[in-house]
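1. this is the structure alone, sequence omitted:
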DNA sequence: CGATGGTTTCAGTGCCCGCCGAAACAGGCG
DNA sequence: CGCCTGTTTCGGCGGGCACTGAAACCATCG
């Protein structure tokens, strides 16, 4: 007997969340992202997320606040007694990637500072120099690549 | 009165370690890397590192083992009663960066798997599609950039 | 002005992980 | 075969963080 589509989807969400947990996003935050990427309809209330993902209302609240702050999730409030709706803001996913690239290239500032401290002692600077060269190259290449990004993925 | 060079160096090592701690490398591991990049002479024993970095022998051992495993540090044993010497292996720093880039592009496998689960429902796949497009583009561009890396930074 | 449904806050819990340091271990030396 | 030095192992400690759930909060509706 075959596994239902929703079962496979929730397994996928779990893998998705596991990956981003390694990148520093809380497990529940990653689940919210994965779920909001594929759910139908596209918008969900905090209560629905809590039920679907089997997470406490507190965790959902904390993580939604975080994700809204990052711009990855959009909150839509409605008048009356109606619950706010949350949906993915996939357009901002690029920001997430850009921050990752920045984290990489920013090491260059460290290596350069180190090189300045080593000035006047080329012998001793050799090891750091090799590392600095690598990051200097990265810091010139990566931003250029990012700029060439096609509009279809913005 | 001005601050001594060694004092500024240890402050730099601390910033260096702090940066890599955010990337998942233990604080002491980062200190070892920073220290081995600039120390003179270039090789140190475990006992010396323990003293210089004010870390326990156990922590030094654990972290050296980890760094040697990563290829970032090389262990040189000497015959007789002599202690083993450790030195930085700056040539392998590229591997560290390459793994970071891989972590980024590997998200594509996740988004592709998700897209397959969404097949036959283009409406529902739209959000995930935008994210998948971004990573697909990344996965084609980044490896190409890495290949163009000049030999000076290898 | 209660009552109601939804959301956020917050104190408490458990878990994980980096670190310590003493004890065990390894392997040359005398 | 002990001894000695350097290294690793391992139990334990402490800090930090994700998560929980109940209580407080907020805004609307009757």
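-> Ah, there it is. Note that the structure is predicted; figures quoted are calculated from it, not measured. Numbering: from 1, shown residues only, chains lettered A, B, ... in the order given.

2. switch to C-alpha atoms for all contacts and neighbour counts from now on
-> Noted.

3. which ones are touching the most far-flung residue of chain A relative to its centre?
-> No residue in chain A sits farther from the centre than residue A:120, which is 41.6 Å out by C-alpha atoms, centre = their mean. By C-alpha atoms under 8 Å, 6 or more residues apart in numbering or on different chains, residue A:120 lies in contact with nothing.

4. domain assignment for chain A?
-> A:5-88, A:95-153 (automatic domain parsing).

5. worst average pLDDT in those?
-> Ranked by mean pLDDT, the domains of chain A bottom out at domain A:5-88, with a mean of 90.

6. residues of the top helix by length along chain A that come out buried?
-> For chain A, the longest helix by residue count, based on DSSP state H, is helix A:122-147. Of all the residues in helix A:122-147, those buried under the rule 16 or more other C-alpha atoms under 10 Å in any protein chain shown are A:124-139, A:141-142, A:146.

7. and for stretch A:66-79?
-> By neighbour count on 16+ other C-alpha under 10 Å, the buried set for stretch A:66-79 is A:66, A:67, A:68, A:71, A:72, A:73, A:74, A:75.

8. and those residues as TSV, adding secondary structure and distance to DNA strand D?
-> Converted to TSV, the buried residues of stretch A:66-79 look like this (DSSP: H, G, I helix; E, B strand; the rest coil; distance: C-alpha to the nearest atom of the strand, whole Å):
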residue	secondary structure	distance to DNA strand D
A:66	helix	10
A:67	helix	12
A:68	helix	15
A:71	coil	18
A:72	coil	16
A:73	strand	16
A:74	strand	18
A:75	strand	15
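
9. same list (the residues you listed) but as JSON lines, adding distance to DNA strand C.
-> Output for the buried residues of stretch A:66-79, formatted as JSON lines (distance: C-alpha to the nearest atom of the strand, whole Å):
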{"residue": "A:66", "distance to DNA strand C": "10"}
{"residue": "A:67", "distance to DNA strand C": "11"}
{"residue": "A:68", "distance to DNA strand C": "9"}
{"residue": "A:71", "distance to DNA strand C": "14"}
{"residue": "A:72", "distance to DNA strand C": "15"}
{"residue": "A:73", "distance to DNA strand C": "12"}
{"residue": "A:74", "distance to DNA strand C": "11"}
{"residue": "A:75", "distance to DNA strand C": "8"}
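
10. name the nearest residue to residue A:35, sequence neighbours excluded.
-> residue A:13 (6.3 Å; C-alpha to C-alpha, 6 or more residues apart in numbering or on different chains).

11. name the residues of chain A found near DNA strand C, please.
-> A:45-47, A:57-62, A:64-65, A:81-85 (C-alpha under 7 Å from any atom of the strand).

12. quick one: buried ones out of the residues you listed?
-> Neighbour-count burial (16+ other C-alpha under 10 Å) applied to those gives A:45, A:46, A:47, A:60, A:61, A:64, A:65, A:85.

13. the last one reaches residue A:46, doesn't it?
-> It stands for residue A:85. Yes: assessed by C-alpha atoms under 8 Å, residue A:85 is found in contact with residue A:46 at 7.4 Å.

14. may I see the buried residues of the helix or strand containing residue A:111?
-> Assigned by DSSP states H and E, residue A:111 belongs to helix A:107-117. Residues of helix A:107-117 classed as buried by neighbour count (16+ other C-alpha under 10 Å): A:107, A:108, A:110, A:111, A:112, A:114, A:115, A:117.

15. gap between the first one and residue B:38?
-> Here residue A:107 is placed at a distance of 16 Å from residue B:38 (C-alpha to C-alpha, to the nearest Å).

16. cool, the fourth one as well?
-> From residue A:111 over to residue B:38 the distance is 11 Å, taken as C-alpha to C-alpha.

17. list the contacts for the residue nearest to residue A:35?
-> Per C-alpha under 8 Å, 6+ apart, neighbours of residue A:13: A:31, A:34, A:35.

18. filter those residues to the buried ones?
-> Applying 16+ other C-alpha under 10 Å to the contacts of residue A:13 flags A:31, A:34, A:35 as buried.

19. now go through the residues you listed and say which are in helices.
-> A:31, A:34, A:35.

20. wait, which of those residues is closest to chain B?
-> residue A:34 (8.9 Å; C-alpha to the nearest C-alpha).

21. for that closest one, which non-adjacent residue is closest in space?
-> Closest to residue A:34 by C-alpha to C-alpha, 6+ apart is residue A:13, at 5.1 Å.

22. Provide the secondary structure category for the one you found.
-> Look at residue A:13: counting by DSSP: H, G, I helix; E, B strand; the rest coil, its state is helix.
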